[in-house]
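K.L.:
Following is a predicted model, sequence given first.
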Amino acid sequence: MAERVRPLHDRVIVRRLEEQEKTKGGIIIPDTAKEKPQEGKVVAAGPGKMGDDGKRIPMELKKGDRVLFAKYAGSEIKVDGVEHIFMREDDILGILE
């Protein structure tokens, strides 16, 4: 996937992580009640944006990072039948460690 689409500047491609099918109490959640998860894995990251002085500001994110992002962040794309989200580094709320 990363060979086919390469993000530019401060953009990243994130694949949503699947939401759990059951609650902690064992209740199965039907598909109609599920919300899209706001957690994902960085599949590809751009080199970083250009600063006012013309120097590149490196990205804090890298391929493989687990991240939290805003609910309506980015643009959804499909590559090889798999949904991904194209977003700016600013849309990422945090890195899960």
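P.N.:
Good, I have the coordinates. Numbers count the residues shown, from 1 in each chain.
K.L.:
Please name every helix or strand in contact with the lowest-mean-pLDDT helix or strand in the chain.
P.N.:
Here the helix or strand of the chain ranked lowest by mean pLDDT, DSSP states H and E is strand 75-79, holding a mean of 84. Packing partners of strand 75-79 (3 or more CB pairs under 8 Å, 6 or more residues apart in numbering; DSSP states H and E): strand 82-88. Heads up, the C-betas are built off the backbone N, CA and C, glycines and all.
K.L.:
Isn't Val82 up against Val14?
P.N.:
No. Judged on CB atoms under 8 Å, Val82 makes no contact with Val14 at a distance of 11.8 Å.
K.L.:
the more surrounded of those two?
P.N.:
Taking neighbours as other CB atoms under 10 Å, Val82 and Val14 compare with Val14 leading, 25 against 11.
K.L.:
if I pick the spatially most central residue of the chain, what's in contact with it?
P.N.:
Geometric centre of the chain, nearest residue: Val14, 2.6 Å, by CA atoms, centre = their mean. Val14 sits next to 40-43, 67, 69, 74, 84-85, 87 when contact means CB atoms under 8 Å, 6 or more residues apart in numbering.
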